[in-house]
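Participant: Pasting the sequence and the predicted model now:
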Amino acid sequence: MTPRTRRPALLALVCGALLAALTIGPSASARTTAHATSAAGTPVHGGDLIIARTQDSTSMDATSVFDNESIWVFEQIMEPLYTVTADGKSVKPWLATGYTLSPDKKTYTFQLRKGVLFHNGKEMTSADVVFSINAARTTKDGWGYIDTAIKSVTAKGKYQVVIKTKFPWAPLLADIALFSNAIVPNNYGGKTKAQFYTAPVGTGPFKWDHWTHGKELKLDRFGKYWQAGKPYLNSVTWTNVPDDNTRELQLKGGQAQVDEFPGWSQVAPLKATSGITMTLFPSTRTDYVLFNEHIKPLQDVHVRRAISYAIDRKALVKAILFGNGTPANSFMPPQVPYYNPKSPGLQYDMTKAKAEMAKSSVPKGFKLTFEAIGGQLDSETIAQVVQAAVKPLGITVNIIKKDANAAQADWSAARYPGMTTSYWTMDIADPDELVSFSVDPSQGAHSFQTWYNNPVAIKAARAAERAFEPAKRQALYNTVQSVAAQDAFMGFLYYSPFRYAYTSKLQGFQVYPTGNYHLEDAWLQK
Amino acid sequence: MDRLAYVLRRLAQLVPVVFGVTFVTFLLVHLLPGDPAVSVLGVHATPQLVAQLHHKWGLDRSLPEQYWLFLERVAHGNLGDSLLYRVPVRSLVVDRAPVTLLLLLYSTVLAVIIAIPLALIAARRKDGTADQVVRAIPVVGLGMPAFWVGLMLITLLAADVVKWFPVGGYGNGFTGHLDSMFLPALTVAIGTAPLLIRSLRASLLSVLESDYITTARAKGLPERRVLLRHALRNAIMPMITVLGINLGFLIGATVVIEKVFALPGVGALIFDGILQRDFEVVQGVTLLLAGLVVLVNIVIDVSYSLLDPRVRYD
Amino acid sequence: MAAVSASAPGVPEVPASEIARRRTFRNRWYRTPSFVVGATIVILLILAAIAAPLITRYDPNGQDLLHAYSHPSGAHWLGTDQLGRDVFTRLVFAGRSDLLIGFVAVLCPFCLGTLLGSLAGFYGGFVDTIVMRLVDVVVAFPFLVLVIALVFVLGPGAESIIIAITAVGWVSYARIVRGEILVQKRLDYVLAARAAGLSDARIIGRHLLPNVITQAVVFSMSDIVLSILAIVTLGYLGLGLPPPTADWGSMASDGESLITTQWQLTTFPGLAVVLTGLGLSLLGDGLADLLAPE
């Protein structure tokens, strides 16, 4: 009962506590961070990973399959000589250790890695490589076309393979790194091609377990993988959960460890959820609107420029991606080698849009049909935004909606009745595939099915295929990008990341700009 | 003898019906705009690659020729190979059929469990408050979109409020299946129970007015016995007929449920098949489903006639 | 329901039971709760749909990208959708599309099914066999599969949806009408009409149908619910009406992937469908009660 003596003691206590908090606090958090790094840093073996994805794979036949859900799975089973680097901009040795190039740039001699075993226990040799690449390039109804520059593939001793090209071909290494050129056992180990791919054998970190169509696909750890110590996981299972909400709830409930492609609106809430890591991996995905130049007046460059100027890309990013993306300035994405950050892709400017219309062949406006892809909210949203955006220009847009297959068939025959939406993701770490697809009307895709025809762009694109010096290629691709941007042959909309949500216990999970991932690097904390 | 002839006649009618179904399916599927090659190739669908695939699949032959080949195959029990998955349609169906069958069976059981007590209450207290309530509430269930009901159930019972059930998926092992399938079955049951309740209530009402019920009551039998052993047994057939008639409708309705709950069933198979223009899958699976529906309805018709000797075989 | 005909002497007019039935309808309708409640709901919905521009403030297709996905507030009672459009306005205007399509999508099967069912029931024999086999084929199809395939073939849009639902939905009406006619055609008044030499068309059209149609009408009430549901499901599966037309199905399915964050986008269209279904079902039940023979 002596208040006056108590007060100083109280004061001392409070000061002491404050002092303690100020000193211990920061170092405590420093300790926690240090603790976290060390906890994250050392991979542990074990654990079964379940990846919930949007749809099932179709087939494991690496030479003739085009859907990502198949590709990203069999890339864990079968591997190529070279592979794409993590930044997506070049390739690095993988099953090969290096190569030499002849002075005429038409003969490549690859050194193979020694001691690499297939899942069946046999060692990989040049015979397997020769067989695999020849099988890939003769697949006419598949990826054979990517190897058209190759003249011959022969073995030179047990650990060397010689590839000759018909002409100097800069993208060859990138082509060799494509999953269709993955190495499988010679003669499919005695099976037929179809039989082999029902349970493929490769050199990859994971080997075949089983596939119950529609339900799940499971791979098991390959103990004798050539990267010693890896993989860390015991198994990986891909399940099929088409509904966004169900996938998210499965992740939260622990039924799955990875949620592939959560809805854009779920990104922010998932980032705020403890125990879950929500990552936006840089990707090569670019979204476009296409102008069919068979349909008047879309062959008029001023009309295309006017429409392109009228689209508010920032608003689209907000409305569709919930802010998780950037407006595009080139038909090439930033993650691709020779992308030009200064490419003059048209951005939102209504004044310029009106000026272009005034210069065009239809200054008073016209009627236009936009084919939206049913079942894809993005496509329908873009159609409606464009419809509203070009109204002030006197352009009346009528939206027709078709299901994905019908719309795709229309696109592939270039008979979509005006405008439509589309997108691209890179398969190889070289702009060539995309560039010749986009600006060359003589190629199968007829300039992305727009029939855009500008000889300047075509010439630069073809020259870049044969040029080997990076500076020269950069200059040529800069030309292509700026001509394409000024001609507005497509409206470049936005770049968007690959989004994955997964348990915070998962470490070493990285998605490359081409969309694939190396699961031999992934591990689960206990 | 009459009955046997009736059954045989109905079975014989199976053939033209199923044939009609295959014909209509073949026609529809080939009239669909679009192209299965595009499903495989996506943005790589150049004319050359498309032509390659068409040739591989025999789609460059004339339509009558393709139909003839299809019939020939079916006659040998071969349902063809999926264009997209490159495996026999038969194996895809075999993998997925148990899922859809379990869903249909489970949901029917649940719907009946819901319907019988409610219909009994409503019939006992005709025009009373209980009756009005029973007739109104399930109607709400009829109007709710299935995907919405499914998502609500997941949120309430599997994810947010309580976690009594797994979130979607099919589960492993028999108990795992029952556990995972409860919510989807309930979702379907919420949509079918109203129809069953209405039908059962109506037939109960007419049965309860009949003579033998009055007799049974006059004899002093307890009301529960009267209801359950006499009234219900005689009133149940129309409800089962309703079930049978709705089977075709149900099978289609499972599509949405399978999507929401990530169930690898036949509904999703056939829907995806249509979306992707996988002709073989659509033709093969529709054939099977049609055969199933027709068979089930024949069974119901026959058992109707077995249970009620007053039915005439016209 | 007025189908009295006294065009030929000796032909009895409407049977006494039918007259009695109609009299009780007039007396009883206001005392049947389900009928009253159902009719009220339905009438209110129809009025709201007709008066849509009067009770809403915004343009149903008016975009406002800067205010997309806003939650319910004073300015927007039910919030805004992915393009910043007012959800309440779209909800009411969607009622127009859905109620109209739902109604037409039932009227057509009703007419087609009644026609085929009457012919099958009245003539029997070969006609009956053909119609019933057609019924079997249609019924054997997984319903949604047939509708989806037809919509694909015809291209998405309101007309295709109506044609598809008609092609599948006529079956129930045919069965009901055929069943009723099989019973009615043995009754006295029909036999008398035939004896009097009236043409088949007249007998079917003016004598049989009016007495037989009540069952079909009752069924059509719940059928409208089912067809609106089918349209909603088609919307979920990506086959609804082309944008930017508002309809409850597309609204609900557009918002479906956002259920955890923007629940109002799916819930309110869902509730609108439920309310419509409730009204129509109650109306149907009430009608069934009132029109059922005593």
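Facilitator: Thanks, I have it. Residues are numbered from 1 along each chain as shown, chains lettered A, B, ... in the order given.

Participant: among the helices and strands of the chain, which one scores worst on average pLDDT?
Facilitator: Went with chain A since none was named. Scoring the helices and strands of chain A by mean pLDDT, DSSP states H and E places helix A:3-41 at the bottom, with a mean of 43.

Participant: wait, chain C
Facilitator: That would be, for chain C by mean pLDDT, DSSP H and E, helix C:16-28 at a mean of 61.

Participant: Flag every buried residue along the helix or strand following the least confident helix or strand of chain A.
Facilitator: Downstream of helix A:3-41, the first helix or strand assigned by DSSP states H and E is strand A:48-53. Judged by neighbour count (16 or more other Cβ atoms under 10 Å in any protein chain shown), strand A:48-53 contains these buried residues: A:49, A:50, A:51, A:52, A:53. The C-beta positions use only the backbone N, C-alpha and C, and glycine is treated the same way.

Participant: so what's the last one closest to, chain neighbours aside?
Facilitator: It stands for residue A:53. Leaving aside its sequence neighbours, residue A:53 sits nearest to residue A:260 (Cβ to Cβ, 6 or more residues apart in numbering or on different chains; 4.2 Å).

Participant: burial count for that neighbour?
Facilitator: By the criterion of other Cβ atoms under 10 Å in any protein chain shown, residue A:260 has 23 neighbours.

Participant: Check for me that residue A:236 belongs to a helix.
Facilitator: No: under DSSP: H, G, I helix; E, B strand; the rest coil, residue A:236 sits outside any helix and is assigned strand.

Participant: Contact residues of the stretch 101-250 of chain C facing chain B?
Facilitator: C:133, C:136-137, C:139-150, C:152-153, C:155, C:222, C:225, C:229, C:232-233, C:236-237, C:249 (Cβ under 8 Å from any Cβ of the partner chain).

Participant: Show me these that map onto strands.
Facilitator: Among those, no member falls in strands (criterion: DSSP state E).

Participant: my read: residue A:185 touches residue A:119, true?
Facilitator: No: contact criterion Cβ atoms under 8 Å: residue A:185 and residue A:119 do not qualify, at 9.1 Å.

Participant: Residues that sit against both of those two, list them.
Facilitator: Common neighbours of residue A:185 and residue A:119, using Cβ atoms under 8 Å, 6 or more residues apart in numbering or on different chains, are residue A:201.

Participant: Helices of the stretch 151-294 of chain C, residue ranges please.
Facilitator: C:158-184, C:188-195, C:200-202, C:209-236, C:248-254, C:263-291 (DSSP state H, counting those that start in this stretch).

Participant: Need the winner for burial among those.
Facilitator: Most buried of these, by mean neighbour count (mean count of other Cβ atoms under 10 Å in any protein chain shown): helix C:248-254, with a mean of 27.

Participant: and which of the buried residues of strand A:48-53 is nearest chain B?
Facilitator: Distances from chain B to the buried residues of strand A:48-53, taken as Cβ to the nearest Cβ, are shortest for residue A:52 (7.9 Å).

Participant: which residues sit in contact with that closest one?
Facilitator: Contacts of residue A:52 (Cβ under 8 Å, 6+ apart): A:239, A:240, A:241, A:247, A:250, A:251, A:255, A:256, A:258, A:259, A:260, B:262.

Participant: can you pull up the bridge partners for it?
Facilitator: Counting by DSSP bridges, residue A:52 forms beta bridges with residue A:239, residue A:259.

Participant: residues near residue 283, how many?
Facilitator: Defaulting to chain A. 23.

Participant: if you could check chain B rather than the one you did, that'd help
Facilitator: Applying other Cβ under 10 Å, we find 25 residues neighbouring residue B:283.

Participant: give the contact list for it.
Facilitator: B:22, B:25, B:26, B:29, B:70, B:79, B:80 are the contacts of residue B:283 under Cβ under 8 Å, 6+ apart.

Participant: Buried ones in the helix or strand containing it, by neighbour count?
Facilitator: If you go by DSSP H and E, residue B:283 is part of helix B:279-307. By neighbour count on 16+ other Cβ under 10 Å, the buried set for helix B:279-307 is B:279-294, B:297-298, B:300-301, B:305.

Participant: try stretch A:130-140
Facilitator: Under 16+ other Cβ under 10 Å, the buried positions of stretch A:130-140 are A:130, A:131, A:132, A:133, A:135, A:136, A:137, A:139, A:140.

Participant: what's the farthest-apart pair in those residues?
Facilitator: A:130 and A:140 (19.2 Å; Cβ to Cβ).

Participant: Sketch out the helices for the stretch 101-250 of chain A, chain order is fine.
Facilitator: Here the stretch 101-250 of chain A has its helices, by DSSP H, counting those that start in this stretch, at A:126-137, A:172-176, A:193-196, A:244-253.

Participant: now chain B
Facilitator: For chain B, the helices defined by DSSP state H occupy B:2-31, B:36-41, B:47-56, B:63-75, B:89-124, B:129-143, B:146-153, B:173-208, B:211-218, B:223-225, B:233-245, B:247-260, B:266-275, B:279-307.

Participant: Can you confirm whether the fourth one lies near chain C?
Facilitator: No: Helix B:63-75 is not in contact with chain C by Cβ under 8 Å from any Cβ; minimum separation 14.7 Å.

Participant: Only alpha carbons, please: show that helix as CSV.
Facilitator: The C-alpha trace of helix B:63-75 is given here as CSV (Å, rounded to 0.1, in the frame of the first residue of the first chain):
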residue,chain,number,x,y,z
LEU,B,63,-20.0,-40.4,-94.8
PRO,B,64,-22.0,-43.5,-95.8
GLU,B,65,-18.7,-45.4,-95.9
GLN,B,66,-17.8,-44.2,-92.4
TYR,B,67,-21.2,-45.2,-91.0
TRP,B,68,-20.9,-48.6,-92.6
LEU,B,69,-17.5,-49.2,-91.0
PHE,B,70,-18.9,-48.0,-87.6
LEU,B,71,-21.8,-50.5,-87.8
GLU,B,72,-19.4,-53.3,-88.8
ARG,B,73,-17.2,-52.6,-85.8
VAL,B,74,-20.2,-52.4,-83.5
ALA,B,75,-21.5,-55.7,-84.7
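
Participant: how far does it sit from the chain's center?
Facilitator: Centre-to-centre, helix B:63-75 and its host chain are 28 Å apart (Cα atoms, centre = their mean, to the nearest Å).

Participant: Equivalent analysis for the third one, please.
Facilitator: Helix B:47-56 has its average C-alpha position 37 Å from the chain's average C-alpha position, going by Cα atoms, centre = their mean.
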